[in-house]
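J.: Just the structure for this:
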Amino acid sequence: MLLCYVDESCTARVYWIGALLVPDTVAIPLSEALDRVMVDAAKTYGVPADAELHGYEIFHGRRAWSGIPPRARIAVYRSAMEAIGTPGEVAIILRGVQREGLSRRYPNPRPAHEVVLSHLLERVDGYAASKAEYALVIADEVPDQAGHRADLGRYRVSGTGGYRSRRLTRIVDTLHFAPSHVSRLVQAADLVTYLFQRLELPGTDPRTARVNEQLWSLVEPRRYHSWCWDPMRRQS
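T.: Numbering: from 1, shown residues only. Okay, here's the model as predicted:
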């Protein structure tokens, strides 16, 4: 069984959702490794050991990370990315959409989260099939959870729609939603997705860009698929 942890990260330009696919035998060791990252951070920097590993908050020194020097915050982020990138069985899938293109192409566009989640689930289903596995999806809490669950039911019966519609057969049960502060692996999905969208930001300071790239290199070998859909660009 694959446990698929999902979280979103967006800018005014692009809406991203990332998935961290973790075999059931790896989930507890990885969660414990992330707990150790926070225990070390508590001892070294005084951050509460139960603080959330949240990409935006770590990078910008918000909430539990307020007052922690930038180098220390980046060191913690690095340790977390090392933990995520170490298990060879972990896979990362990232999907995005150009928000302006979505609004320009469709008079009444579907919400960006709904669009991107359908694309992500297509790829999760395909990855699970390639491994002869099934996947259970656990996502960070979002509005309209009932609507997203209903969408999954429809995708099972009639497919996801669009130019590469797929009928989902490898995602079990329903979509499960959990508050990120109680799940280290939802937090891991957030760290990965937030960092990936930072790689795509135009006009990033060169020093900041180098830090982003160095951190991303720790999980790059685990990237199975990433793509951002531009609705105004014709599909080949």
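J.: any idea which helix is longest in the chain?
T.: helix 24-45 (DSSP state H).
J.: And that one, how far out from the chain middle?
T.: 18 Å (CA atoms, centre = their mean, to the nearest Å).
J.: Next: stretch 207-225.
T.: Using CA atoms, centre = their mean, the offset of stretch 207-225 from its chain centre is 14 Å.
J.: Could you tell me the end-to-end distance of that stretch?
T.: Terminal residues of stretch 207-225 are spaced 27 Å apart (CA to CA, to the nearest Å).
J.: Which strands or helices does the helix or strand that the longest helix of the chain is followed by pack on?
T.: Sequence-wise, the next helix or strand downstream of helix 24-45 (DSSP states H and E) is helix 55-60. Packed against helix 55-60 by the contact rule (3 or more CB pairs under 8 Å, 6 or more residues apart in numbering; DSSP states H and E) you find helix 70-85, helix 184-199. (Glycine included, C-beta is placed from N, CA and C.)
J.: so what does the last one touch, helix or strand wise?
T.: It refers to helix 184-199. strand 2-10, strand 14-23, helix 24-45, helix 55-60, helix 70-85, strand 91-98, strand 135-140, helix 206-217.
J.: Next, the contact list for residue 217, please.
T.: Going by CB atoms under 8 Å, 6 or more residues apart in numbering, residue 217 touches no other residue.
J.: neighbours around residue 233, how many?
T.: 10 (other CB atoms under 10 Å).
J.: if we can go back for a sec, select, out of the helices and strands packed on helix 55-60, the one closest to residue 214.
T.: The minimum distance between residue 214 and those falls on helix 70-85, with 7.8 Å, by CB to CB.
J.: That closest one to strand 14-23, inter-axis angle?
T.: Using axes from the mean of the first three to the mean of the last three CA atoms, to 10 degrees, the direction of helix 70-85 lies 50 degrees away from that of strand 14-23.
J.: And helix 70-85, what's buried?
T.: Across helix 70-85, burial judged by 16 or more other CB atoms under 10 Å covers 72, 73, 75, 76, 77, 79, 80, 81, 83, 84, 85.
J.: Could I get the phi/psi values of residue 131?
T.: For residue 131, the backbone dihedrals (degrees, to the nearest 10) come out as phi -100, psi 0.
J.: ok, now which ones touch the residue nearest to residue 138 when sequence neighbours are not counted?
T.: Once flanking residues are discounted, residue 138 sits nearest to residue 176: 4.7 Å by CB to CB, 6 or more residues apart in numbering. Residues counted as contacts of residue 176 (CB under 8 Å, 6+ apart) are 136, 137, 138, 139.
J.: With distance to residue 167, neighbour count and pLDDT added, can I get the residues you listed in JSON lines?
T.: Listed next are the contacts of residue 176 as JSON lines, based on distance: CB to CB, whole Å; neighbours: other CB atoms under 10 Å; pLDDT from 0 to 100:
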{"residue": "136", "distance to residue 167": "18", "neighbour count": "17", "pLDDT": "99"}
{"residue": "137", "distance to residue 167": "16", "neighbour count": "25", "pLDDT": "99"}
{"residue": "138", "distance to residue 167": "22", "neighbour count": "20", "pLDDT": "99"}
{"residue": "139", "distance to residue 167": "21", "neighbour count": "24", "pLDDT": "99"}
